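S.K.: Fold the following for me, if possible:
(one chain, ligands or ions: 1)
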Amino acid sequence: MNETKKLLAVFQTEQKLRGLQSRLGAAERFLNEQERQLNALGEQHGSFESQLRQIQSSTKENEDEMARIDERMEKLREEMNNARTNKEYQAFLVEVNGLKIERGRVEEEVLGLLEQADAIKTELEQSVASQEERTKVRDVAKQDRDTRHSEIKDRVKELEAERDQLAGEVNPKILSELQRLLDERDEDAMAGIEIIDKKRHEISCASCMMTLPIELLSRLLSGDLTSCSNCGCFLYLDEDTAAALQPTAKR
Ligand SMILES: [Zn+2]
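M.R.: Numbers count the residues shown, from 1 in each chain. Predicted structure coming up:
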């Protein structure tokens, strides 16, 4: 096997690995998104609960205030019954009327608070339903992630071993160049060539589509490691293309 073929074998194994792992990666990202949404719902639920506690404590304060007003009014009515002068009676009456207005105001406040509490209770119920629903989606997502993980686990190990073995046969400098190209260009780290004009031996890089100088073709045909003069990816000749480029007589 020439250098190009050895490198291509590493590259193709790496591509298979990446393909497998990208499916797992997608499942993992989906699962993380579900966890994130579930946490957000939990936080929202907590905030509703604390709002409800505040409203309930304000309601309690206002109800206590109403009870105090009622007690005071009760006392004033007794005192009115025992009033000795009309002036005294009138003074009690003024106070009672003031308290009545105050009581009305507090009562209205309580009604408003009860309405708010009901609205938040509805929100809380909806929030519980959303959390249940999201939990189901999360559980399915987790199962899917785990299934995918166990499905590919053995194959990934196999491919990793295969890739490492193949990589061991390639010059380390070339290998690190391939690694750099994989990081930068992923599936475009290596590319085949396209024939533009067979007679004139005009070819282009299948990755960047730029026409390649004729010298590159002879390098490729001789099996020497060749990079695209334009985009820098490693080039290879697949068998069909190589055969197509051979003079008819030699076939
Ligand atoms: Zn190119």
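
S.K.: CA atoms for contacts and neighbours, from now on please.
M.R.: OK.

S.K.: Please compute how far stretch 43-62 lies from its chain's middle.
M.R.: Using Cα atoms, centre = their mean, to the nearest Å, the mean C-alpha position of stretch 43-62 is found 32 Å from that of the whole chain.

S.K.: tell me the pLDDT at L217?
M.R.: On pLDDT, L217 comes in at 88.

S.K.: try T122
M.R.: Listed pLDDT for T122 reads 97.

S.K.: Work out for me the element it sits within.
M.R.: Using DSSP states H and E, T122 maps to helix 86-167.

S.K.: got the buried residues for the helix or strand following that helix?
M.R.: Later in the chain than helix 86-167, the nearest helix or strand by DSSP H and E is helix 172-185. Using 16 or more other Cα atoms under 10 Å as the test for burial, helix 172-185 gives L175, L178, Q179, L181, L182.

S.K.: so can I have CSV of these showing distance to A129 and pLDDT?
M.R.: Output for the buried residues of helix 172-185, formatted as CSV (distance: Cα to Cα, whole Å; pLDDT from 0 to 100):
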residue, distance to A129, pLDDT
L175, 54, 95
L178, 51, 96
Q179, 48, 95
L181, 49, 96
L182, 46, 95
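
S.K.: Just name the closest of those residues to V137, please.
M.R.: L182 (34.5 Å; Cα to Cα).

S.K.: Is the residue nearest the centre of the chain in a helix, a strand, or coil?
M.R.: In the chain, the residue lying closest to the centroid (Cα atoms, centre = their mean) is E33, at 3.7 Å. Secondary structure assignment for E33 (DSSP: H, G, I helix; E, B strand; the rest coil): helix.

S.K.: Need the per-residue pLDDT for it.
M.R.: Reported pLDDT for E33: 97.

S.K.: and the helix holding T122 with helix 172-185, angle?
M.R.: Between the axes of helix 86-167 and helix 172-185, defined by axes from the mean of the first three to the mean of the last three Cα atoms, to 10 degrees, the angle is 150 degrees.

S.K.: Report the rounded mean pLDDT for stretch 54-69.
M.R.: 97.

S.K.: in it, what counts as buried?
M.R.: By neighbour count on 16+ other Cα under 10 Å, the buried set for stretch 54-69 is I55, Q56, T59, N62, E63, E65, M66, I69.

S.K.: re the thing from before, who touches the residue nearest to the centre of the chain in this structure?
M.R.: Listed by Cα atoms under 8 Å, 6 or more residues apart in numbering, the contact set of E33 is empty.

S.K.: now L175
M.R.: Residues near L175 by Cα under 8 Å, 6+ apart: L7, A167.

S.K.: can you rerun that using 6 Å?
M.R.: Residues near L175 by Cα atoms under 6 Å, 6 or more residues apart in numbering: none.

S.K.: One more: M209?
M.R.: Applying Cα under 6 Å, 6+ apart, no residues contact M209.

S.K.: Can you classify it as helix, strand or coil?
M.R.: coil.

S.K.: quick one on the thing from earlier: same list (the buried residues of stretch 54-69) but as a markdown table, adding distance to V96 and secondary structure.
M.R.: Listed next are the buried residues of stretch 54-69 as a markdown table, based on distance: Cα to Cα, whole Å; DSSP: H, G, I helix; E, B strand; the rest coil:
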| residue | distance to V96 | secondary structure |
| --- | --- | --- |
| I55 | 29 | helix |
| Q56 | 28 | helix |
| T59 | 23 | helix |
| N62 | 19 | helix |
| E63 | 18 | helix |
| E65 | 15 | helix |
| M66 | 13 | helix |
| I69 | 9 | helix |
